[in-house]
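>>> The following block contains a protein sequence and its predicted model.
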Amino acid sequence: MTQSQRLAITVERRKRLEHFELRAGLLRIGSAAHCDVRLAPDEAAPESVLVQGHAHGVLLRRKSDAFAVALDGLPFSEHVVSGRARLTIGNVALSIELLAAQKRADQDRSLLKRVRRIALLLGIGVGFYVVLQDEPAARAFDHSVPTPLLFGGASGQACPHHDAATARAFGLEQLAAAQGKHERSVFSARDGVLAVRLYDTAQSCLAAAKDQPAADEARAARERLARTLQEDLRTHQVRLEWALERRRYASAARELAAIRELLLGRTDEHAQWIAAVARELRAVRQ
């Protein structure tokens, strides 16, 4: 039977540290999107190391030979860590420390502090996040809540077709697809994000084909949708902070799910912060 152990993992890079506190029933270190500790594709295999709870600590198991993997300077296949250890994967070093079991009340009190510490290590100014005293409503957006820019002002995307007739036909096809996803965006933020990208392609192709009215239609629709999705992201982040502060973890989980849909395809520091919050929340709710 798999044991559940709490451990701290610090990823050491030249310019920054990334700190994770996780519960290892079973977690993965690698570059794949599903990994609990995610490294870049040029730093680790999709799954480099498996970390599993063990009666005497945590069991580390090497999963790939694509990058050199060592524990305290020595190559290994499997090893039980009962205190502290230094794991290296390629050129990345990770410090692993087994934590003493904590009571649920202590976990509840420290969750928000850990989330903020993770954000600070990632370079995100969560100190500016507003902790609201009442449940935030849509009108409460005069607060200074830092959110990443989901979409730039201009796409700069080139049309994949050079022939004017082909470009126009493709642009109209992309515009119709964008409009369909735009309509569904009220039910699925993911469709909204995809719609913005389709509008970008439609606009560039219609402009290349000299169909300016249709290109302007795509641009205007894209700008409206992008503004709506940006405000939605800000809404969900305010509500996430509010829910974490009050230990309303079911509400926080819903806000996290909504935010992750809006961050579709992003791997920047903000997306990493959201992933870290999700892991912390999952550990506390177990």
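Arrived safely.
>>> What about Asp72, how many residues nearby?
Here the number of neighbours of Asp72 (other C-beta atoms under 10 Å) works out to 12. All C-beta spots, glycine's among them, are computed from the backbone N, C-alpha and C.
>>> And it, how far from Ala209?
Asp72 sits at a distance of 62 Å from Ala209 (criterion: C-beta to C-beta, to the nearest Å).
>>> now do Leu256
The spacing between Leu256 and Ala209, counted by C-beta to C-beta, is 42 Å.
>>> contacting residues for Arg62?
Contacts here follow C-beta atoms under 8 Å, 6 or more residues apart in numbering; on that basis Arg62 touches 48-49, 69, 76-78.
>>> partners of it in the sheet?
Counting by DSSP bridges, Arg62 forms beta bridges with Val49.
>>> So in terms of bridging, what pairs with Thr10?
His19, Ser95.
>>> Would you confirm that it contacts Leu22?
No - between Thr10 and Leu22 no contact is recorded; they are 11.5 Å apart, counting by C-beta atoms under 8 Å.
>>> Number of residues surrounding the nearest residue to Gln212 once chain neighbours are set aside?
The shortest distance from Gln212 to any non-neighbouring residue, by C-beta to C-beta, 6 or more residues apart in numbering, is to Leu206 (7.7 Å). The local packing count at Leu206 equals 26, with neighbours defined by other C-beta under 10 Å.
>>> Likewise for the one 5 residues further on?
Using other C-beta under 10 Å, Asp211 has 18 other residues around it.
>>> who's in contact with it?
With C-beta under 8 Å, 6+ apart as the criterion, the residues that contact Asp211 are 168, 171.
>>> the more surrounded of Thr10 and Leu22?
Counted by other C-beta under 10 Å, Thr10 and Leu22 do not tie: Leu22 has more neighbours, with 21 against 16.
>>> show me where the stretch 51-200 of the chain has strands.
Taking DSSP state E, counting those that start in this stretch as the criterion, the stretch 51-200 of the chain contains strands spanning 57-62, 69-71, 74-75, 78-81, 84-89, 92-98.
>>> which stretch among those strands comes nearest Ala178?
When those are ranked by proximity to Ala178, the top entry is strand 92-98, at 39.6 Å, counting by C-beta to C-beta.
>>> got the contact list for stretch 63-80?
Stretch 63-80 has contacts (C-beta under 8 Å, 6+ apart) with 28, 30, 43-50, 54, 56-62, 81, 85-90.
>>> Go again with 7 Å.
Contacts with stretch 63-80, where a contact means C-beta atoms under 7 Å, 6 or more residues apart in numbering, come from 44-45, 47-50, 54, 56-57, 59-62, 85-90.
>>> Just the buried residues of it, please?
Residues of stretch 63-80 classed as buried by neighbour count (16 or more other C-beta atoms under 10 Å): 67, 69, 71, 79.
>>> can you give me the end-to-end distance of that stretch?
15 Å (C-alpha to C-alpha, to the nearest Å).
>>> quick one: it to chain centroid distance?
In terms of C-alpha atoms, centre = their mean, to the nearest Å, the centre of stretch 63-80 is set 27 Å apart from its chain centre.
>>> Could you shift the numbering so residue one becomes 6, and keep it that way?
Renumbered: residue one is now 6, and that last one reads stretch 68-85.
>>> Now do the helices in this structure.
For the chain, applying DSSP state H gives helices covering 109-126, 169-189, 194-213, 217-250, 254-267, 274-290.
>>> Please name every helix or strand in contact with the second one.
Yep, that's helix 169-189 we're talking about. Contact analysis of helix 169-189 by 3 or more C-beta pairs under 7 Å, 6 or more residues apart in numbering; DSSP states H and E lists helix 194-213, helix 217-250 as its packing neighbours.
>>> can you do 6 Å?
Packing contacts for helix 169-189, counted by 3 or more C-beta pairs under 6 Å, 6 or more residues apart in numbering; DSSP states H and E, involve helix 194-213.
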